[in-house]
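> model the following, please.
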Amino acid sequence: MSPRHIALAVLVAAVWGVNFVVIDVGLKDFPPLLFCALRFTVVALPAVFFVGPPRVAWRWVLAVGLVLGVLKFGTLFLGMHAGMPAGLSSLVLQSQAVFTAGFAAGLLRERPARQRIAGLAIAGAGIALAAVDSGAGGPVKAFALVIAAGVFWGLSNVLTRKAAPPDLLRWMVWVSAVPPLPLLALSLLVEGPHADLRAMVSITPVGVGAVCFVGLLSTLFGFGAWGFLLRSYDASAVAPYSLLVPLFGMTSAWLLLGEAITPMAGGAALLVIAGIGLSALRPGAPARLAAHLGRRTRRDGAAVPAAAPQAPGAVQATAEPLPVRPVPAAAAPLPRP
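Numbers count the residues shown, from 1 in each chain. Here you go, the predicted model:
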């Protein structure tokens, strides 16, 4: 990936990381499925009346809208509402990187290099370590819901690449138009009309801000940029950058919500960073870098031999006097190396 696209992937990861804190705040004002429906409503309306048709087959719009909007975000919001902390949720959800690579191999016939697989394994070990540290004794149902959200996110990544939308802003607007009605119906069925009405009547500025952040920044900007990266590169090359999300998520949860970061969680973060770095490098780059450093070390060591110790004040003499050659008045130019 080019440097500016790497920077874009890191920025999206930062927005998605802080987004977990905002979701935690918003869930105090709204039932989870209603909150999820509102996030997509602010993205789709009134934009669908101005952006024009999506320029891809409607089946892709419907498929990604249901998988990403209803299944992925629905299960994530339900999991966090059931007791998963924001920082831990940001970590566990990144299992989607492994699911993305698996779906890409099965559906798109992509074959990631061994180096990238090793990087994903190292980063996955970091996620598992932090999950054990933070989730011991936590609610199993909530944990399972967030894992399911990772599965659906991985599938939606591959579907987006398969759809290959030419206009990503238009694509995200139309994808966001699919989830509101199914989510609202599920909210009325599961959470009840009284809970939804009470939340809407007692809405606060904090709740409005949470809906706007998760809708406009996290959804419209985040997935628009992510879809662009998926269309430009292999899914298995883009997916590792999502492993930065837990670093931003856990840090913002620590700063804003008071969630603790233990030494074990810090070690897990180091594993995640190492895995991302290994996955992002071109295949064979670590071996070439190690060989280059080895050659340079050997060359530098041979060029500067160790000198024998001298007595204080002694003057070192050369073994053989160097010949002195006269310099011509008009010397010929030196050849270029």
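
> so, low pLDDT: which residues of this structure?
134-138, 236, 280-337 (pLDDT under 70).

> and the residue nearest the centre of it?
Ser242 (1.3 Å; CA atoms, centre = their mean).

> contacting residues around that one?
Contacts for Ser242 (CB atoms under 8 Å, 6 or more residues apart in numbering) come out as Ala13, Trp16, Gln94, Gln96, Ala97. C-beta here means a position set from N, CA and C on the backbone, and glycine is covered the same way.

> which one of those residues is nearest to Thr219?
Nearest to Thr219 out of the contacts of Ser242 is Trp16 (CB to CB; 10.0 Å).

> now Ala9, nearest residue through space, not along the chain?
Tyr241 (3.8 Å; CB to CB, 6 or more residues apart in numbering).

> I misspoke; the intended subject was Leu217.
Nearest-residue entry for Leu217: Val15, 5.6 Å, with adjacent residues in sequence omitted and distances by CB to CB, 6+ apart.

> would you agree the one you found is in contact with Gly222?
Yes. Contact criterion CB atoms under 8 Å: Val15 and Gly222 qualify, at 5.3 Å.

> just to revisit the earlier point, which of the contacts of Ser242 tops the neighbour count?
Counting neighbours by other CB atoms under 10 Å, Ala97 comes out on top of the contacts of Ser242 with 30 neighbours.

> what kind of secondary structure is it in?
helix (DSSP: H, G, I helix; E, B strand; the rest coil).

> you'd agree it is up against Pro240?
Yes. Look at Ala97 against Pro240 with CB under 8 Å: they come within range, at 6.0 Å.

> mutual contacts of the two, please.
Contact criterion CB under 8 Å, 6+ apart; residues shared by Ala97 and Pro240: Leu120, Ala123.

> the helix or strand Gln115 falls within packs against which elements?
Assessed by DSSP states H and E, Gln115 sits inside helix 114-135. Under the contact definition 3 or more CB pairs under 8 Å, 6 or more residues apart in numbering; DSSP states H and E, helix 114-135 sits against helix 86-92, helix 96-107, helix 245-257, helix 263-280.

> put the alpha carbons of the second one into CSV.
This means helix 96-107. In CSV, the C-alpha atoms belonging to helix 96-107 read as follows (Å, rounded to 0.1, in the frame of the first residue of the first chain):
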residue,chain,number,x,y,z
GLN,A,96,-12.8,-9.9,11.5
ALA,A,97,-9.3,-9.7,10.0
VAL,A,98,-9.0,-13.5,10.1
PHE,A,99,-12.6,-14.0,8.9
THR,A,100,-12.0,-11.5,6.0
ALA,A,101,-8.9,-13.5,4.9
GLY,A,102,-10.9,-16.7,5.1
PHE,A,103,-13.8,-15.5,3.1
ALA,A,104,-11.5,-13.9,0.6
ALA,A,105,-9.7,-17.2,0.1
GLY,A,106,-13.0,-19.1,-0.3
LEU,A,107,-15.0,-16.7,-2.3
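
> tell me the buried residues in it?
Residues of helix 96-107 classed as buried by neighbour count (16 or more other CB atoms under 10 Å): Gln96, Ala97, Val98, Phe99, Thr100, Ala101, Phe103, Ala104.

> let's have these in CSV, adding distance to Arg55.
Below are the buried residues of helix 96-107 laid out as CSV (distance: CB to CB, whole Å):
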residue, distance to Arg55
Gln96, 26
Ala97, 29
Val98, 31
Phe99, 28
Thr100, 24
Ala101, 28
Phe103, 24
Ala104, 23
